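A.B. asks: how does the following fold in three dimensions:
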Amino acid sequence: MRNLKIILGIVALVLALRTGWQIGSAVVANMNFQEDLRDMGSQAGAHVGVVVPPGSDEDAARAVIRKAKEHGIELEPGQVTVRRIGSGETSTLYLAADYTVPINLVLFSFNLHFIPSSERNGS
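C.D. replies: Next up is the predicted model:
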C-alpha cells in the first residue's frame with residue numbers, strides 16, 4: 001500500500017510539473033512576443049531624429065508573423081491586426097495578434113488564449 005501511494009504521488013508530481021511547464025513556457029513566449037510587438041509599433045515613425053518610412057500594413061503583418069515564429073508561436077495573416085495611428089513621420093502602428101496555445105494533458109486538453117498587442121496598458 002505504501003508503494004502505491006509513493007507511485008501515485010510521483011505520477012501526480014510529474015503531471016503537475018508537465019502542466020506547469022507547458023503553461024509557463026506559453027506565458028513566457030507570449031510576454032516576450034508582446035514586448036517585441038511594442039518595440040515594432042514604436043519604431044513606425046520619427047524617433048530621436050531618425051525618420052523610418054512606414055511600410056505597408058502587409059509588410060507589418062508579415063514582420064509580426066516572423067517575430068511570432070521566433071518565439072514558437074504559429075500565426076496566420078488573419079490572426080494579425082495592423083492599424084496606423086496618425087500619418088507621416090509621426091505615425092505609429094498598433095499591432096496585435098489573437099491566438100491560442102493547446103495544453104495537452106493525459107486525460108484532457110485545453111487552450112490558453114492570448115491577445116498580445118503593441119499597446120502599453122498602464123506600464
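A.B. asks: in the chain, which residue is most central in space?
C.D. replies: In the chain, the C-alpha closest to the average C-alpha coordinate belongs to Asn30, at a distance of 3.1 Å (CA atoms, centre = their mean).
A.B. asks: quick one: the closest residue to that residue other than its chain neighbours from Thr92, how far?
C.D. replies: Once its chain neighbours are removed from consideration, Asn30 has its nearest residue in Phe114; the separation is 4.6 Å (CB to CB, 6 or more residues apart in numbering). All C-beta atoms are positioned from the backbone trio N, CA, C, and that covers glycine. Using CB to CB, to the nearest Å, we find Phe114 at a distance of 22 Å from Thr92.
A.B. asks: what's the lengthiest helix in the chain packed up against?
C.D. replies: The helix of greatest length in the chain, counted in residues with DSSP state H as the criterion, is given as helix 2-42. Other elements packing on helix 2-42 under the criterion 3 or more CB pairs under 8 Å, 6 or more residues apart in numbering; DSSP states H and E are helix 57-70, strand 92-97, strand 99-104, strand 109-114.
A.B. asks: gap between that helix and the chain center?
C.D. replies: With CA atoms, centre = their mean, to the nearest Å as the basis, helix 2-42 stands 15 Å off its chain's centre.
A.B. asks: report the angle between that helix and strand 99-104.
C.D. replies: Orientation check (axes from the mean of the first three to the mean of the last three CA atoms, to 10 degrees): helix 2-42 against strand 99-104 gives 170 degrees.
A.B. asks: just the mean pLDDT for helix 2-42, thanks.
C.D. replies: Over the span of helix 2-42, the pLDDT mean works out to 93.
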